[in-house]
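how would this look folded up:
(chains A and B)
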Amino acid sequence: MSDAIYEKPLPVIDPGTKPFWDAAKEHRLSIPKCNACGKYHFYPRELCPHCHSDDLQWTDVSGKGEVYSYTIARKPAGPAYAPDVPYIIAMITLDEGPRMLTNIVAADVETVRIGDRVAVQFDDVTPEVTLPKFVVVKG
Amino acid sequence: MAREAVIVGIGDVPLSGGKVVGGGSVLQVQARAAKAALDDAGIAMRDVDGLLVAGLWGVPGPGQLPSVTLGEYLGIFPRFADTTNIGGSAFEAHVAHAAMAIERGYCDVALIVYGSTQKSERSRTLGGRPPVLTMQFENVWGIPQPVGGYALAAKRHMHEFGTTEEQLAEIAVATRKWASLNPAATMRDPLTIDDVMASTKISDPLKLLDCCLVTDGAGAIVMTSADNAKAHGSKVTHVRGFGEAHTHWSIGAMPDLARLTAAEMSSRTAFDMAGIGRDKIDLVECYDSFTITVLLTLEALGFCKRGEGGQFVSNQRTAPGGEFPLNTNGGGLSYCHPGMYGIFLLVEAVRQLRGEAGERQVKNVNTALVHGTGGTLSSGGTVILANH
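From the prediction side, this is the model:
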């Protein structure tokens, strides 16, 4: 965490999403798992998007997955991101099944490829908010 | 015999350098487009009893009521209103809803209107929406909106099928050739594949010339029953089939990044209703927010197989004189793109069907397919139009 003021968008956390962000603050990746159909989903919903059951349970997941797609932002999503250009926005398929949008943190943005294995890394951007990001892992 | 709903009027407003000529508020430009479409139909504003509106504008504060606001401004009391907003494809859905309302006798004259002055207001950024509700899992990563979502789809399509950036550039180049034949188009200078490849990188693999324009614009469509059209001596375009669908808004929730599921669904409904095959379509007008949108749409509509879109658009197949005339007004890429473009697809298809498209007129157009895409590859609206 740097001392600079964080000026990028922060999630407006609501009762349906608080467990996810609370877990992230503790450096855990936690997402809902359906007790009826056994599938995980992300982002968190009140009803399972697969079978529409309301019997859901917050479950810690491995934080491992692979790159489903990515883009290198050459232009920033607003002025607050300007110092970060170029940076990677990726869709990760978690080993547990769901996909999530995130950032891949890489020293050289040009090296990332679809299919790369990735692992979660937590970025405490403010005292209240931690963003789960990913890094490429070999093997 | 059952009532048949037909399109009888089209209208838009002149643009110069992407801005509405003479300027105007978002309400003024919509009123001008509405008047143009009603004049074209030979029907009076006082006879409009159905109003269909979707837009990015509104009186700020809770409960924006666009059809109520516009109805008041136009001085009409509609008995049928539809403010369905599924993104830029909303107007294709409006044609469907108006057709059902007219055929059921719920209204007699439906006016579909859109307008935007985003270019004049300089209101467009890559920043996107506030990170609330579903967007708290989207906009905290700095994804440029909306281009980043389309870039993710393009990258995945390239990975799965070997689609190349040059193939995407073919679409931009062919569309520019059509624009060069349209005096109303914003960008008419010749363009090469090298120009597209060398244009400023925005969000890999998409570059500036893969992206639609940011312009003003306003358009309107008038629909009524075939009997009423006859009574007014209006030019008639038949609505043979329609369909709509949506699958997601957050790009993270798109079921398959390399497949436009909404367009597959809406076009299946439309073709089933029309009872015709792809081989009967003479002309396609499809939403081109980005070059990848076109490629995914052509596959989803069934004009080529999944994964073969890149090959399909190669060698300028969709350009003037090519086998597959597409986006003949110059599209969102080169004609205009005032935020929600779908109404201009309908306006151009009707012009082509009537034989009123001037230098860019395609020969022997009797059946045209219009397909709008909205959101971030989120929604689809298909309309099949014909002269008979």
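
okay, now the unreliable bits of chain A?
By pLDDT under 70, the weakly predicted segments of chain A are A:1-3, A:139.

what segments of the chain are helices?
All of this is about chain A. A:18-25 (DSSP state H).

think we crossed wires, I meant chain B
B:26-41, B:66-74, B:90-103, B:118-121, B:147-161, B:165-180, B:193-198, B:226-232, B:261-274, B:291-300, B:309-312, B:342-354.

worst mean pLDDT among those?
Across the helices of chain B, helix B:118-121 has the smallest mean pLDDT, namely a mean of 91.

thought B:Thr164 was touching B:Gly310?
Yes: the pair B:Thr164 / B:Gly310 is scored as a contact, 6.3 Å apart, by Cβ atoms under 8 Å. Backbone N, C-alpha and C define where each C-beta goes, glycine included.

ok, the two, which is more surrounded?
Ranked by neighbour count (other Cβ atoms under 10 Å in any protein chain shown), B:Thr164 and B:Gly310 place B:Gly310 first, with 23 against 14.

contacts only, for that one.
B:161-164, B:167-168, B:295 (Cβ atoms under 8 Å, 6 or more residues apart in numbering or on different chains).

neighbours of B:His337, just the number please.
By other Cβ under 10 Å, the residues close to B:His337 number 27.

kindly report the same for B:Gly380.
Neighbours of B:Gly380 (other Cβ under 10 Å): 35.

do you know the pLDDT at it?
Looking at B:Gly380, its pLDDT reads 98.

excluding chain neighbours, what is closest to the residue of chain A most remote from its centre?
What lies farthest from the middle of chain A is A:Ala36; by Cα atoms, centre = their mean that is 24.8 Å. In this structure, A:Ala36 finds its nearest non-sequential neighbour in A:Ser53, 3.5 Å apart by Cβ to Cβ, 6 or more residues apart in numbering or on different chains.

isn't the one you found right up against A:Asn35?
Yes: in this structure, A:Ser53 is within contact of A:Asn35 by Cβ under 8 Å, at 7.2 Å.

chain A next: which of the contacts of B:Gly310 are close?
Counting by Cβ under 8 Å from any Cβ of the partner chain, nothing from the contacts of B:Gly310 sits close to chain A.

write the PyMOL selection for whichever of those residues are buried.
Filtering the contacts of B:Gly310 down to the buried ones (16 or more other Cβ atoms under 10 Å in any protein chain shown) takes a single PyMOL command:
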select buried, chain B and resi 161+163+167+168+295
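
reformat the contacts of B:Gly310 as CSV; add distance to B:Leu15.
Below are the contacts of B:Gly310 laid out as CSV (distance: Cβ to Cβ, whole Å):
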residue, distance to B:Leu15
B:Phe161, 36
B:Gly162, 38
B:Thr163, 32
B:Thr164, 33
B:Gln167, 30
B:Leu168, 26
B:Leu295, 27
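
tell me which residues touch the residue lying closest to A:Lys75 once chain neighbours are set aside, please.
Excluding its sequence neighbours, the residue lying closest to A:Lys75 (Cβ to Cβ, 6+ apart) is B:Ile202, at 5.1 Å. Residues in contact with B:Ile202, defined by Cβ under 8 Å, 6+ apart, are A:74-75, B:144, B:147, B:151, B:208, B:210-211.

looking at chain A, which strand is longest?
strand A:64-73 (DSSP state E).

wondering if that strand reaches chain B at all.
Yes: residues of strand A:64-73 contacting chain B under Cβ under 8 Å from any Cβ: A:68-73.

emit the ChimeraX select command for whichever of these are buried.
In ChimeraX, this line selects whichever of those come out buried by 16+ other Cβ under 10 Å:
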select /A:68,69,70,71,72,73
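
so what's residue 74 up against?
As the question left the chain open, I've gone with chain A. Neighbour list for A:Arg74: A:85-86, B:200-204 [criterion: Cβ under 8 Å, 6+ apart].

chain B was what I was after
B:31, B:34, B:45, B:48, B:51.

state the pLDDT value of the fourth one.
To tie it back to what came earlier, the one meant is B:Val48. Predicted confidence (pLDDT) for B:Val48: 98.

thought it was touching B:Ile112?
No: the criterion here is Cβ under 8 Å, and B:Val48 misses it with B:Ile112 at 10.5 Å.

more neighbours: which of these two?
Per other Cβ under 10 Å, whichever of B:Val48 and B:Ile112 has more neighbours is B:Ile112, with 31 against 25.

got a list of what the more buried one touches?
B:52-53, B:91, B:94-95, B:98, B:220-223, B:343.

where's it relative to A:Gly97, distance?
41 Å (Cβ to Cβ, to the nearest Å).

ok, B:Thr69 next?
45 Å.

over to B:Glu285?
To A:Gly97, B:Glu285 is 38 Å away according to Cβ to Cβ.

now do B:Gly355
For B:Gly355 relative to A:Gly97 (Cβ to Cβ), the value is 53 Å.

what about the strands in chain A?
A:30-34, A:56-60, A:64-73, A:87-94, A:99-104, A:117-124, A:130-136.
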